[in-house]
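S.K.: next one to model:
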Amino acid sequence: PVATLPIWGPAARYGSPQLSYPRLAPHGSLPSPLSAEAAPASSDPITELLSRTMAPVDTFNAELAGDESVLKKDVKSMYKLGRKLGKGAYAVVHRGTLLSDKSITRAVKIIDERALGHEDIEALHVELQTMRKVQHPNIVDLYECFLHADKFVMVLELCKGGELFDRVVEKEHYSEREARFCFSQCVEAIGHCHEHGVVHRDLKPENLLYADAEGTPNGDVIKLADFGLASLITPDHLLTTSCGTPGYVAPEILTSDSTHGYGKECDLWSLGVILYILLAGYPPFYDEDGSTAAIFKQIKAGAYEFQAPYWDPVSQQARAVVSGLMTVDVKERMTAEGVFASPWISSDEHASSVHLPHFTANLKKYNARRKFKGGVDAVIAELRLLQAAGGAE
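M.R.: Numbering: from 1, shown residues only. Reported below is the predicted structural model:
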């Protein structure tokens, strides 16, 4: 049986200090220099960030050099680097073992400053600012940062349990109640971000990770990762940049311009898409020919259905949460508080423990398609980089 939701009671939402997991210095010994308290104070973070956009690229390095929370030494003085976990355009991620306690392993993201352009510098600065403002049991921790030679290094929590969708697709028994347990943690993370003026803007399966392997003490804890597209926001400052992942992006992002921006509600729409998939195993917006334009048209119109027979076993209360989140009008869209107040979340009466018969087959097909597309996109990106460097015809 799936447990009730002990972390998400009314007084514990978004990481209430008295009820959420204890937020000690990592493992009770090392200080966490990048906590929200250590972040430089600013009366107007939006103005501060916008002003940096016009500054020279070297400004960011100068700020890092003057930031006491950034350690001015080689990361290898504290961590032994192990196998490579991933690689991007200007960064590589290694598994790192803490030298002073070899039982502690983390993800070490090494950024080559020589490969950074102006926009990359700004994006990295915002990523640091946003991660400094959030600390929550359902958000990946940022432990330390290092600046040494031409490398900037971020030491992050290592999530060993894999992606959310990869885990649930392997379950022999999967029900609404399990979907609710997963989804509540996602809403917890986003609610915490929004309370601290952070909009994630890239909610998708790849960014929802299990903290540890199934069966371990933290094996059911979901972590929100990758703040690379996140931004700070205030009530009088809306965002206008078009970004996100097709299929998960909110309609107001697709229609935004210099005079009509968008706010934190975009994350709630993406949560609706994730919940739809968690209940049915396939996405609400898709095109048989893979046309992104066709998908965007569906999103802007809010054109999705609860198709039979896949949705027949799903309760009306669960559907109501999906519909409340995937509402085109942002003023009518359900908030994080609204999700927790909904009958589906607030009561055990409606979320059935009956197995969802079509879910696994549907999600296996969807997972295969998205991973294949992700692999193709990665190859295309690498070829473009080679061509730009003169290494390919």
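S.K.: which residues in the chain form helices?
M.R.: 45-53, 58-66, 118-133, 164-168, 176-195, 251-254, 265-280, 292-301, 316-325, 336-341, 343-346, 359-388 (DSSP state H).
S.K.: so which of those is the most packed in?
M.R.: helix 265-280 (a mean of 25; mean count of other CB atoms under 10 Å). The way it works is simple: take the backbone N, C-alpha and C, and place the C-beta from them, glycine included.
S.K.: what's the angle between that helix and helix 176-195?
M.R.: 170 degrees (axes from the mean of the first three to the mean of the last three CA atoms, to 10 degrees).
S.K.: which other helices and strands contact helix 265-280?
M.R.: Counting contacts by 3 or more CB pairs under 8 Å, 6 or more residues apart in numbering; DSSP states H and E, helix 265-280 packs against helix 176-195, helix 251-254, helix 316-325, helix 359-388.
S.K.: which of these sits closest to Asp141?
M.R.: Closest to Asp141 of the helices and strands packed on helix 265-280 is helix 176-195 (CB to CB; 12.2 Å).
S.K.: turn the helices of the chain into TSV, including distance to Ser103 and mean pLDDT.
M.R.: Converted to TSV, the helices of the chain look like this (distance: least, CB to CB, whole Å; pLDDT from 0 to 100):
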stretch	distance to Ser103	mean pLDDT
helix 45-53	37	43
helix 58-66	30	67
helix 118-133	24	87
helix 164-168	24	93
helix 176-195	25	96
helix 251-254	42	94
helix 265-280	33	97
helix 292-301	45	95
helix 316-325	40	98
helix 336-341	35	96
helix 343-346	36	95
helix 359-388	32	64
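S.K.: so can I have JSON lines of those helices showing distance to Ile110?
M.R.: Putting the helices of the chain into JSON lines (distance: least, CB to CB, whole Å) gives the following:
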{"stretch": "helix 45-53", "distance to Ile110": "23"}
{"stretch": "helix 58-66", "distance to Ile110": "15"}
{"stretch": "helix 118-133", "distance to Ile110": "13"}
{"stretch": "helix 164-168", "distance to Ile110": "26"}
{"stretch": "helix 176-195", "distance to Ile110": "26"}
{"stretch": "helix 251-254", "distance to Ile110": "31"}
{"stretch": "helix 265-280", "distance to Ile110": "29"}
{"stretch": "helix 292-301", "distance to Ile110": "32"}
{"stretch": "helix 316-325", "distance to Ile110": "37"}
{"stretch": "helix 336-341", "distance to Ile110": "34"}
{"stretch": "helix 343-346", "distance to Ile110": "40"}
{"stretch": "helix 359-388", "distance to Ile110": "18"}
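S.K.: looking at these, which is closest to Gly88?
M.R.: Taking the helices of the chain one by one with CB to CB, helix 359-388 is closest: 9.2 Å.
S.K.: rewinding a little: so which of the helices and strands packed on helix 265-280 is nearest Thr130?
M.R.: Taking the helices and strands packed on helix 265-280 one by one with CB to CB, helix 176-195 is closest: 7.9 Å.
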